[in-house]
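Trainee: Build me a structure from this.
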Amino acid sequence: MFRIFFIFSLFLYSQLSAVNILQDAIDNAPEGSILKLPAGVYKGSITITKPITIIGKEDGVVIDGEGSGTVIHIKSSFVTIKNLKIIGSGERHDKIDSAITMVESKNCEISNCIIEDCLFGIDLQMVSNSIISNNTITSKDLDLGMRGDGLRLWYSNDNIVKKNTLYKSRDMVIWYSHGNLIEENHGERCRYSLHFMYAGKNIVKNNSYKFNSVGIFFMYSKDTIAIGNTIQSSLGATGMGIGLKDVSNFTVKDNTIIYCAQGLYIDRSPFEPDTKNWLSGNKILYNAEAIHFHSLSENNVLKNNTIMGNIEDIINDSRGAKTNENEIEGNYWDNYTGFDRDGDNIGDTPHRVYQYADQLWVYNPNVKFFYGSPVISLLNFLAKLAPFTKPLFLLEDEKPKVRIKG
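Mentor: You can find the predicted model right below:
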């Protein structure tokens, strides 16, 4: 049976400046205790080294780090932090000054917290089987690259990260971490709203990201599912929806990528021999580039995707990318020019994509200054009407869909 400790007094900030009453309460509480805090400002820089629960029992419970170090440092398993507002971490990147840092822990929970004016938000190092949910995280008011990450998983496995909001943070990173569920989170005005590196067997489901530099970027990872996510308006000339770099055995399904500079970016993926990536049911809409291939990228399976309203459907910026050696079938292309005489919703002729003269900028970025100009448009028209050079064949969809159903 847990012993429950109540802190009844409403402590004023000035009263707490000399002594950390909350740290004293934690130190004196037996393992398994529940500290229920009434509204007030409590001094931060606290350390938790035992199983314990700290709950704000009403609105207005603030833990203030006073601009120094990490506000709450957890070094124990079976710790719960709920219903708190956490503010005022330090500003040192080398120390990873955070709202909450958790190290070598398991079976913990951080939920329903508001984090503001903290360099890093929630930093998990070697944490497993824990829940991070319903938190709202904002970094310090710094330039984008100087902010800390809103949420970091480092060598942390089998966690649930759900319904968190990152706003004006830097990145949410999943590095060297496996078996995590990343679900129903929201990222806005960040850099990488979600960034994976050396991570496997994660599920990324029903998240929404908008006005970030990059939506979701997977690097050096494998065996992961990304399904039902919405990425909107990735900002900048290279703003990206979903990026795949050196990844293998990925399923990217039923995602919506809209209003980005680059919708789907594929770089040397799949990476491992005799593997594939499956990309199906995605809606890639109104981007500058729908699908961008970089470096050798073959053995991807692209089926039943909707590719509509983009300025360029396919970009291949590497002469050896072998885009034609991917399995591409049953996609809807809004610029398909064939017919469907038998009414089976499959084009009578394949949809072939070529690279014409208007895409000289792909290999020479300086030419992009003229992108969309009358000169380049005229070159493109003449190249298609009476080719003076052989256009580069990029890929073919043997069974393009003619109509979008549903």
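
Trainee: got a pLDDT number for Phe369?
Mentor: We have a pLDDT of 61 for Phe369.

Trainee: same question, Leu392
Mentor: With respect to pLDDT, Leu392 has a value of 77.

Trainee: Help me confirm that it comes into contact with Val353.
Mentor: No - using CB atoms under 8 Å as the test, Leu392 is too far from Val353 to be in contact (9.7 Å). Quick note: C-beta positions are derived from backbone N, CA and C, even for glycine.

Trainee: More neighbours: which of those two?
Mentor: Neighbour count, other CB atoms under 10 Å: between Leu392 and Val353, Val353 has more, with 21 against 15.

Trainee: So what pairs up with the more buried one in the strands?
Mentor: Leu395 (DSSP bridges).

Trainee: doesn't Ile314 make contact with it?
Mentor: Yes - at 4.8 Å, Val353 and Ile314 qualify as touching, with contact defined as CB under 8 Å.

Trainee: Read off the pLDDT value for Phe11.
Mentor: With respect to pLDDT, Phe11 has a value of 42.

Trainee: cool, Asn380 as well?
Mentor: Per the predicted model, pLDDT is 64 at Asn380.

Trainee: now Asn299
Mentor: For Asn299, the model assigns a pLDDT of 94.

Trainee: so who does it touch?
Mentor: 270, 275-277, 325-327 (CB atoms under 8 Å, 6 or more residues apart in numbering).

Trainee: likewise Asn229?
Mentor: Neighbours of Asn229 in contact, by CB under 8 Å, 6+ apart: 204-209, 215-216, 242, 255-256.

Trainee: Could I get the pLDDT score of it?
Mentor: 98.

Trainee: Would you check how far apart it and Ile174 are?
Mentor: 14 Å (CB to CB, to the nearest Å).

Trainee: next one: Ala237
Mentor: 26 Å.

Trainee: lowest-pLDDT helix or strand in this protein?
Mentor: helix 13-16 (a mean of 42; mean pLDDT, DSSP states H and E).

Trainee: and Ile404, how many residues sit next to it?
Mentor: Count around Ile404 with other CB under 10 Å applied: 11.

Trainee: Doesn't it lie inside a strand?
Mentor: No - counting by DSSP: H, G, I helix; E, B strand; the rest coil, Ile404 is not part of a strand but coil.

Trainee: That one contacts Tyr332, doesn't it?
Mentor: Yes - assessed by CB under 8 Å, Ile404 is found in contact with Tyr332 at 5.4 Å.

Trainee: Please enumerate the shared neighbours of the two.
Mentor: Joint contacts of Ile404 and Tyr332 (CB under 8 Å, 6+ apart) are 306, 308.

Trainee: what about this protein, any weak spots by pLDDT?
Mentor: By pLDDT under 70, the low-scoring segments of the chain are 1-19, 356-373, 375-390, 406.

Trainee: That one: helices as residue ranges?
Mentor: 13-16, 21-28, 374-385 (DSSP state H).

Trainee: how many neighbours does the closest residue to Ser233 other than its chain neighbours have?
Mentor: Nearest non-adjacent residue to Ser233, counting by CB to CB, 6 or more residues apart in numbering: Tyr259, 4.5 Å away. The number of residues packed near Tyr259 is 19, by other CB under 10 Å.

Trainee: which residues sit in contact with Tyr259?
Mentor: 232-234, 285-287 are the contacts of Tyr259 under CB under 8 Å, 6+ apart.

Trainee: same check, this time on Glu116
Mentor: 85-87, 138.

Trainee: between those residues, which is closest to Ala321?
Mentor: Distance to Ala321, by CB to CB, is smallest for Thr138 among the contacts of Glu116, at 39.7 Å.

Trainee: ok, Asp223 to Gly179 distance?
Mentor: In terms of CB to CB, Asp223 sits 10 Å off from Gly179.

Trainee: again with Leu392
Mentor: For Leu392, the distance to Gly179 - CB to CB - is 42 Å.

Trainee: hang on, the earlier thing: sitting in strands, which of the contacts of Asn229 do you find?
Mentor: Applying DSSP state E to the contacts of Asn229, the entries found in strands are 204-205, 208-209, 215-216, 242, 256.

Trainee: Next, the contact list for Glu183, please.
Mentor: With CB under 8 Å, 6+ apart, Glu183 has these contacts: 160-163, 203-207.

Trainee: Just put those in CSV and tack on neighbour count and distance to Asp397.
Mentor: What follows is the contacts of Glu183, written out as CSV (neighbours: other CB atoms under 10 Å; distance: CB to CB, whole Å):
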residue, neighbour count, distance to Asp397
Ile160, 16, 38
Val161, 28, 36
Lys162, 19, 37
Lys163, 18, 37
Ile203, 15, 29
Val204, 25, 26
Lys205, 17, 28
Asn206, 16, 28
Asn207, 27, 29
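
Trainee: Could you name every residue contacting both of Asp223 and Gly179?
Mentor: Contacts common to Asp223 and Gly179, judged by CB under 8 Å, 6+ apart, are 200-201.

Trainee: ok, so of the contacts of Asn299, who is nearest Asp117?
Mentor: Nearest member of those to Asp117, counting by CB to CB, is Asn277, at 40.3 Å.

Trainee: burial count for the closest one?
Mentor: Neighbours of Asn277 (other CB under 10 Å): 24.

Trainee: do the same with the one 10 residues further on
Mentor: A count of neighbours around Asn287, defined by other CB under 10 Å, yields 29.

Trainee: That one and Gly236: what is the separation?
Mentor: Going from Asn287 to Gly236 by CB to CB gives 13 Å.
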